[in-house]
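S.K.: could you work out the structure for the sequence below:
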Amino acid sequence: MPGLLLLNGGDEFRPGNEPQDQELVGAAGPGPAYVVPTAARRQRPELAVATARAWFERLGVALEELPIYKRSDAGSAELAARAAGAGLLYLTGGDPGLLAQTLRGTRVWAAMVEAWTGGAALAGSSAGAMALCEWTLVMARWPRHEQRRPAEALGLVPGTAVLPHFERMGSRWTVDAPPDGLVLVGIDERTGAVWHGGGWHAAGAGSVVVIRGGETARFGSGEPVTGLPAPGERP
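M.R.: Residues are numbered from 1 along each chain as shown. Just a heads-up that it's a prediction; the model follows:
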């Protein structure tokens, strides 16, 4: 059966993330644990990898890097085999459009889904969380960062788009021409929306906000999150 899925709001690999990351580690499968720095390709990915490794070492997990930086990497049979055997996969923050463009429809992404459906734990933070949904929100008009448009993402959580860093900036975002029925999930930094065992719950330092059909609901750490589609289930 599918493993745990974590959508984290940002500021990952830092104190305050312990509740969701400890849950992630506890739900990991028997294979290797990987950090996937694709989204950070233009923003010192080596630093993202080093920070992730140091953080998860504190949690008793030795992370390896899965070096997916280009579409050619995402088509690699060797890297896909490594991804398919993973027990934990964590997609870092960075560029929300770049990550989806690099992985969508590739051999490596299919292998990641195979690992997750087989019980591996899968997580993404900020851009990583955005890419795991059906839609990722990219800048609509330079330099107005708060104006966003939906772009096709990886589609694991259907009908949904993440507003990351919600307490700091995501709450100010607007979405141009949103798809019908779009569910927005605002996730504070160092906070996760966690799907495990058939339901969602909030974990971490802040809140998870679900905006659906003109209604808004806020959930604190430990509370069940309602209104958010299950992975693979239409809203």
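
S.K.: who touches Leu18 in this structure?
M.R.: Leu isn't right for residue 18; it's Glu. Glu18 is in contact with Leu59, Gly204, counting by C-beta atoms under 8 Å, 6 or more residues apart in numbering. Bear in mind the C-beta positions are built from the backbone N, C-alpha and C, glycine included.

S.K.: now swap in Thr117 and tell me
M.R.: With the criterion set at C-beta under 8 Å, 6+ apart, Thr117 makes contact with Met1, Pro2, Gly3.

S.K.: tell me the most packed of these, by neighbour count.
M.R.: Neighbour tally across the contacts of Thr117 (other C-beta atoms under 10 Å): the maximum, 22 neighbours, falls on Gly3.

S.K.: now that one: phi and psi?
M.R.: Main-chain torsions, Gly3, degrees, to the nearest 10: phi -90, psi -170.

S.K.: which residues does it contact?
M.R.: With C-beta under 8 Å, 6+ apart, Gly3 has these contacts: Ala27, Ala28, Gly29, Ala115, Trp116, Thr117, Gly118, Gly119, Ala120, Ala121, Leu122, His196.

S.K.: state the pLDDT value of it.
M.R.: On pLDDT, Gly3 comes in at 97.

S.K.: could you point out the longest helix of the chain?
M.R.: helix 45-58 (DSSP state H).

S.K.: just give me how far that one sits from the chain centre.
M.R.: 17 Å (C-alpha atoms, centre = their mean, to the nearest Å).

S.K.: next one: stretch 54-72
M.R.: 14 Å.

S.K.: can you give me the end-to-end span of it?
M.R.: Using C-alpha to C-alpha, to the nearest Å, the end-to-end distance of stretch 54-72 comes out at 28 Å.

S.K.: try stretch 177-186
M.R.: Per C-alpha to C-alpha, the first residue of stretch 177-186 is 18 Å away from its last.

S.K.: try stretch 59-68
M.R.: 24 Å.

S.K.: which one of the contacts of Thr117 sits closest to Gly192?
M.R.: Gly3 (14.5 Å; C-beta to C-beta).
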